[in-house]
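*Asks:* give me a 3D structure for the following:
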Amino acid sequence: MTDIRTSEDNDLGRADRSADEVAIDAVLDASYRAWAAGDATGMVADYTPDATAIMPGSFRDGRDAIRQSMAHGFAGPLAGTTTANRRLGLRFLGSDAAIVVTESGILFPGQAEVPETGRVHATWVLERRKGRWAIAAYHNSPVQAG
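*Replies:* The predicted structure is shown next:
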């Protein structure tokens, strides 16, 4: 289920944000497609230069660090992988920031679905800079069973 909420200090209603929702979905979809292609540069094309990515045991500070890490992964353990992603929620923080929450996971070659132990909840923070939405931060944590 997709949940679109706005913060209390944001007087823009859902109808006013539909173009933003489409643009945000396009940014995330482009990143997912680049992952499937093993394209680290394409995957971070819509990240801000100062973006951060935090995953269990890992902190990547800046778009270049994220790109380098993903290029290493695509050349090694992530070769041939894709991702499965389901948006759980989207909320806007003012006119130029949004938070997207997803349930995601990596599909390794031969897998039709993400194993229970591979699922994560992810938080994506996006901001609009110079009229374009971009990923400013990403964080994920394993989904806890039960």
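*Asks:* max-length helix in the chain?
*Replies:* Longest helix in the chain, counting residues (DSSP state H): helix 18-36.
*Asks:* where does the chain have low pLDDT?
*Replies:* The chain contains residues with pLDDT under 70 at 1-15, 146.
*Asks:* what ranges does it have for its strands?
*Replies:* Counting by DSSP state E, the chain has strands at residues 4-6, 47-55, 58-61, 82-92, 97-107, 120-129, 132-142.
*Asks:* among these, which comes closest to residue 29?
*Replies:* strand 82-92 (8.9 Å; CB to CB). All C-beta spots, glycine's among them, are computed from the backbone N, C-alpha and C.
*Asks:* got the buried residues for the closest one?
*Replies:* Buried residues in strand 82-92, counting neighbours by 16 or more other CB atoms under 10 Å, are found at 82, 83, 84, 85, 87, 90, 91, 92.
*Asks:* partners of the fourth one in the sheet?
*Replies:* As for beta bridges, residue 85 partners with residue 104 under DSSP bridges.
*Asks:* that one: what's it in contact with?
*Replies:* Residue 85 makes contacts with 28, 32, 102, 103, 104, as judged by CB atoms under 8 Å, 6 or more residues apart in numbering.
*Asks:* who wins on neighbours among these?
*Replies:* For the contacts of residue 85, the largest number of neighbours (other CB atoms under 10 Å) sits with residue 102, at 22 neighbours.
*Asks:* next up, the contacts around that residue.
*Replies:* Neighbouring residues of residue 102 by CB under 8 Å, 6+ apart: 28, 85, 86, 87, 88, 121, 122, 124.
*Asks:* which one of the residues you listed is nearest residue 140?
*Replies:* For those, the minimum distance to residue 140 (CB to CB) is 4.1 Å, reached by residue 122.
*Asks:* would you mind measuring from the closest one to residue 89?
*Replies:* In this structure, residue 122 and residue 89 are 11 Å apart, going by CB to CB, to the nearest Å.
*Asks:* do the same with residue 115
*Replies:* For residue 115, the distance to residue 89 - CB to CB - is 24 Å.
*Asks:* and residue 64, by the same measure?
*Replies:* For residue 64, the distance to residue 89 under the criterion CB to CB works out to 30 Å.
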